[in-house]
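S.K.: Sharing a model prediction with you, sequence too.
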Amino acid sequence: MFGPWTGGLMSDQAAPPTLRAARQSASSVGGADPSATTPRTQHPLPEALTDVEMQAYRSQGYILRRAVFSRVEIEQLNAVIDPLAAAAVARSHEGHEYRIDGRRFVDLGDQTLQFEPAPFEQNLRVLEPAHPLSSAVLTLLRDARLVQPMQALTGSDHVSLWTDKINFKRPGGSEFGWHQDAPYWMHDATHLTQLPNVMVTLDDVVPGSGGFRVVQGSHQAGIHPARNDGTQLEGFYTHDDEVDFSQVVEFNEPAGSAIFFDPFLIHGSACNQSGKRRRALIATYQPANLPTLKTKQVVNLG
């Protein structure tokens, strides 16, 4: 575990032993200002969401909590993720490779690897799911700083995992077009309104690095019309006419921040034009005792 949290940052000297062990084993846009639209909570803070945060989630579709995890915690997690990703890429030739809209995908066991478009097809863009490959990822997903807010957002006393992924967003990394998550999952889940997401930033997000951005309030209209551009994935991307750029909020936040957001919220990111990585772990929770999206196993989290 990351260790009990007492409302402050964990000591730099107190590296959680299980995370150290996991690391050792793993080595085998312009828009609105989020500070003006949602409460920003600094340490110390309770794990449970406040009434003000719940109201923000209902009205705007997201909650931002800055620096929820310490830099030491994030550095330890990244030390696990980097070799994990390298190992997955090294084994990608063993999987089933296919193309969607010209982009390279590989199914490797229970994982799907999505690569950057040409000419950077050897660069991993997304790994989903990550938790079966790393106990450190699963430990973070079970942390009360994520679980307790998700209990409130799912309306459940106990929660389980729906899916999780790592977005790598290397320098030059491609954009993620405007989309909602609900259309991806509507054929696999009947409980779409109980699938809240959380993004945990794994690097400091600087302007120009393709920070996560949302169209605040867009979740209130349900599923928006999709693109009609003849691509294979047109049905999963939101039509450009549905994006109100006056309501776009971009998050340039420190590593360890957590952004909780509704599955119906329109979101995306621009390409990374900086020289810095912009990695993030995104997880989707659901009520307890329900199977995950890909492995169909039940992963109760708290």
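M.R.: Everything's here; your move. Numbers count the residues shown, from 1 in each chain.

S.K.: I'd assumed Ser246 was in a strand, is it?
M.R.: No - counting by DSSP: H, G, I helix; E, B strand; the rest coil, Ser246 is not found in a strand; it is helix.

S.K.: so how far is Phe120 from it?
M.R.: According to CB to CB, to the nearest Å, Ser246 stands 33 Å off from Phe120. C-beta coordinates here come from the backbone N, C-alpha and C atoms, glycine included.

S.K.: More neighbours: which of the two?
M.R.: Phe120 (15 against 10; other CB atoms under 10 Å).

S.K.: Pull the number of nearby residues for Leu133.
M.R.: Counted with other CB under 10 Å, the neighbours of Leu133 add up to 21.

S.K.: Next: Ala189.
M.R.: 19.

S.K.: which residues touch the nearest residue to it once chain neighbours are set aside?
M.R.: If the residues on either side of it in the chain are set aside, Ala189 comes closest to Leu195, at 6.4 Å by CB to CB, 6 or more residues apart in numbering. Going by CB atoms under 8 Å, 6 or more residues apart in numbering, Leu195 touches 154, 162, 181-182, 185, 189, 263, 284-286.

S.K.: Check Val159 too.
M.R.: Counting by CB under 8 Å, 6+ apart, Val159 has contacts 147, 150-151, 285-288, 300-302.

S.K.: who does it bridge with?
M.R.: Beta-bridge partners for Val159, by DSSP bridges, are Pro287.

S.K.: any idea how far Gly256 is from it?
M.R.: Val159 is 21 Å from Gly256, where distance means CB to CB.

S.K.: Stretch 212-224: which residues count as buried?
M.R.: Using 16 or more other CB atoms under 10 Å as the test for burial, stretch 212-224 gives 212-219, 224.

S.K.: same question, stretch 166-180
M.R.: So stretch 166-180, judged by 16+ other CB under 10 Å, has buried residues 166-170, 173-174, 176, 178-180.

S.K.: ditto for stretch 156-165
M.R.: Judged by neighbour count using 16+ other CB under 10 Å, the buried positions of stretch 156-165 are 156, 159-165.

S.K.: picking up where we left off before, out of the buried residues of stretch 212-224, which is nearest to Ala79?
M.R.: Ala79 lies nearest to Phe212 out of the buried residues of stretch 212-224, by CB to CB, at 22.8 Å.

S.K.: which ones are touching the closest one?
M.R.: So Phe212 contacts 199, 205, 250-251, 259, 267, 269, 280 (CB under 8 Å, 6+ apart).

S.K.: of all the buried residues of stretch 166-180, which two lie farthest apart?
M.R.: Farthest-apart pair in those is Arg170 and Gln180; separation 25.3 Å (CB to CB).

S.K.: for the stretch 151-300 of the chain, what spans make up the strands?
M.R.: 159-167, 176-179, 197-201, 212-215, 248-250, 258-261, 267-269, 280-287 (DSSP state E, counting those that start in this stretch).

S.K.: what is the orientation angle of the first one with strand 197-201?
M.R.: Note on geometry: by axes from the mean of the first three to the mean of the last three CA atoms, to 10 degrees, strand 159-167 and strand 197-201 are set 50 degrees apart in direction.

S.K.: list the buried ones in stretch 95-104?
M.R.: Residues 95, 103-104 are the ones in stretch 95-104 that count as buried (16+ other CB under 10 Å).

S.K.: Just the ones in strands from the residues you listed, please.
M.R.: 103-104 (DSSP state E).

S.K.: For the top helix by length along the chain, give the mean pLDDT please.
M.R.: Counting by DSSP state H, the longest helix found in the chain is helix 71-90. The average pLDDT for helix 71-90 rounds to 96.

S.K.: That one: which residues count as buried?
M.R.: Those would be 72-74, 76-82, 84-85, 88-89, for helix 71-90 by 16+ other CB under 10 Å.

S.K.: Among those, which one lies nearest to Gln111?
M.R.: Gln111 has its nearest neighbour among these in Ala88, at 6.5 Å by CB to CB.

S.K.: contacting residues around that closest one?
M.R.: Listed by CB under 8 Å, 6+ apart, the contact set of Ala88 reads 108, 111, 113, 124, 127, 133.
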